[in-house]
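K.L.:
Fold the following.
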Amino acid sequence: MTTAQATDLGAVGETGWRDRVRGGVGHGLLAALSLFCVFPIYWMYATSLRRPDEVYSVSLFPWPLSVGNYTHVADVLPIGRLILNTFVVALVIAVGQLLVGLLAAYAFTAWRFRGQTLLYLAFVGTWLVPFQVTMLPNYTLLYRLGLLNTLPGVIVPNLVSALGVLLLRQHMASFPRDLIDAARIDGRSAWSILWTVVVPNLRAPLAALGIVLFINAWNDYFWPALVLQRADSVVQLGLRGLFVGVEGPDWGGLMAGSGLACLPIFAIYLLLQRHVVNAFVRSGLK
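P.N.:
Down below sits the predicted model:
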């Protein structure tokens, strides 16, 4: 082996060692950030599994485990009905926003018409309008329609999302036009092209966006609190009753109720995580 070859091998080995060190440091930072993000969730469930008289304990591992807080929250709240109502509201809102966003994005990308850019900017502009600006007009409209104190009153004003239109338009803009043109030559209608050609190739972005929209609707507190006056309507208002109790916040019940309220989110993410990963992978491939 010549001196030059030995030098090259040494340089390659040093570069590989540096790459391994950088990779290890990067993975270590990601692991630390993951623990930082997961710890509040762990603490919520750990607190909910403590005995009611040990809720204020600061030990990391609750022992002995107790379901007393869960039985307590089931006694004071119709937690099953609250979670079901919230699930229905969040699901209908997410599906409605997905459907409207899909149709609008398809119209913006499949056709060219006068005022298209202006109309699209108007869609995007609605995303920049603060909720407080539209709150009172929507409330007044619901009052005149007789939808106050009803779940449809929470759902109807939220069936359109500029975020859905914006993200789906970006994905459809990168969709191969040749496939759409070939389907038109084949004699398919625009409606058929959307559901048989476009949508099957956008399952990953639709699943990822659906999770985001569902979580946004699930976590929304201000609008349901404004429209609904009953604590037994959705889980957000039910848990609020535990926070403003006569004897102060019921932390054990709050942690148990919050833990139960998180389960549908975890279940949906586990069911759709493959599509979410595919959405991130495909977003970097052109």
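K.L.:
Make sure residue 101 is actually in contact with residue 171.
P.N.:
No. Residue 101 is beyond contact range of residue 171, at 10.4 Å (criterion: C-beta atoms under 8 Å). No exception for glycine: its C-beta is placed from N, CA and C like everyone else's.
K.L.:
higher neighbour count, the two?
P.N.:
residue 101 (24 against 21; other C-beta atoms under 10 Å).
K.L.:
dump the residue contacts of that one.
P.N.:
For residue 101, the contacting residues are 161, 163-165, 167-168, 209, by C-beta atoms under 8 Å, 6 or more residues apart in numbering.
K.L.:
Show me where this protein dips below the pLDDT cut-off.
P.N.:
1-17, 19, 245-248, 275-286 (pLDDT under 70).
K.L.:
which residues sit in contact with the residue nearest to residue 260 when sequence neighbours are not counted?
P.N.:
Residue nearest to residue 260 in three dimensions, not counting chain neighbours: residue 79, with 5.9 Å by C-beta to C-beta, 6 or more residues apart in numbering. Contacts for residue 79 (C-beta under 8 Å, 6+ apart) come out as 73, 235, 238, 257, 260.
K.L.:
Without its sequence neighbours, what residue ends up closest to the third one?
P.N.:
The reference is to residue 238. residue 82 (4.5 Å).
K.L.:
any idea which element that neighbour lies in?
P.N.:
In the assignment (DSSP states H and E), residue 82 maps to helix 79-110.
K.L.:
in that helix, what's buried?
P.N.:
79, 82-83, 85-87, 89-94, 96-98, 100-102, 104-110 (16 or more other C-beta atoms under 10 Å).
K.L.:
ok, now stretch 154-166?
P.N.:
154-158, 160-166.
K.L.:
again with stretch 228-244
P.N.:
Residues of stretch 228-244 classed as buried by neighbour count (16+ other C-beta under 10 Å): 228, 231, 233-239, 241-242.
K.L.:
before we move on, what SS does residue 129 have?
P.N.:
Following DSSP: H, G, I helix; E, B strand; the rest coil, we place residue 129 in the coil state.
K.L.:
give me phi/psi at it?
P.N.:
phi -80, psi 120 (degrees, to the nearest 10).
K.L.:
ok, it to residue 199 distance?
P.N.:
29 Å (C-beta to C-beta, to the nearest Å).
K.L.:
again with residue 103
P.N.:
Look at residue 103 and residue 199: by C-beta to C-beta, they are 11 Å apart.
K.L.:
shared neighbours of these two, anything?
P.N.:
Contacts common to residue 103 and residue 199, judged by C-beta under 8 Å, 6+ apart, are absent.
K.L.:
So what's the residue count around residue 178?
P.N.:
Residue 178, neighbours per other C-beta under 10 Å, totals 8.
K.L.:
who touches it in this structure?
P.N.:
Contacts of residue 178 (C-beta under 8 Å, 6+ apart): none.
K.L.:
Verify the contact between residue 242 and residue 77 for me.
P.N.:
Yes. Residue 242 lies in contact with residue 77 (C-beta under 8 Å); the separation is 7.4 Å.
K.L.:
ok, back up a step: between residue 129 and residue 199, which one's more packed in?
P.N.:
Set residue 129 next to residue 199 and count neighbours by other C-beta under 10 Å: residue 199 wins out with 13 against 10.
K.L.:
Contact partners for that one?
P.N.:
So residue 199 contacts 102, 206 (C-beta under 8 Å, 6+ apart).
K.L.:
how about the helices of the stretch 51-200 of the chain, start to end?
P.N.:
Listed in chain order, the helices of the stretch 51-200 of the chain (DSSP state H, counting those that start in this stretch) span 68-76, 79-110, 116-127, 131-145, 151-155, 162-173, 177-185, 190-193.
K.L.:
what about the first one, distance to the chain center?
P.N.:
If you compare the mean C-alpha spot of helix 68-76 with that of the full chain, they lie 28 Å apart, counting by C-alpha atoms, centre = their mean, to the nearest Å.
K.L.:
go on, the shortest one?
P.N.:
A distance of 29 Å separates the centroid of the chain from that of helix 190-193, by C-alpha atoms, centre = their mean.
K.L.:
and residue 205, which of the helices of the stretch 51-200 of the chain is closest to it?
P.N.:
helix 162-173 (4.7 Å; C-beta to C-beta).
K.L.:
tilt between the closest one and helix 116-127?
P.N.:
140 degrees (axes from the mean of the first three to the mean of the last three C-alpha atoms, to 10 degrees).
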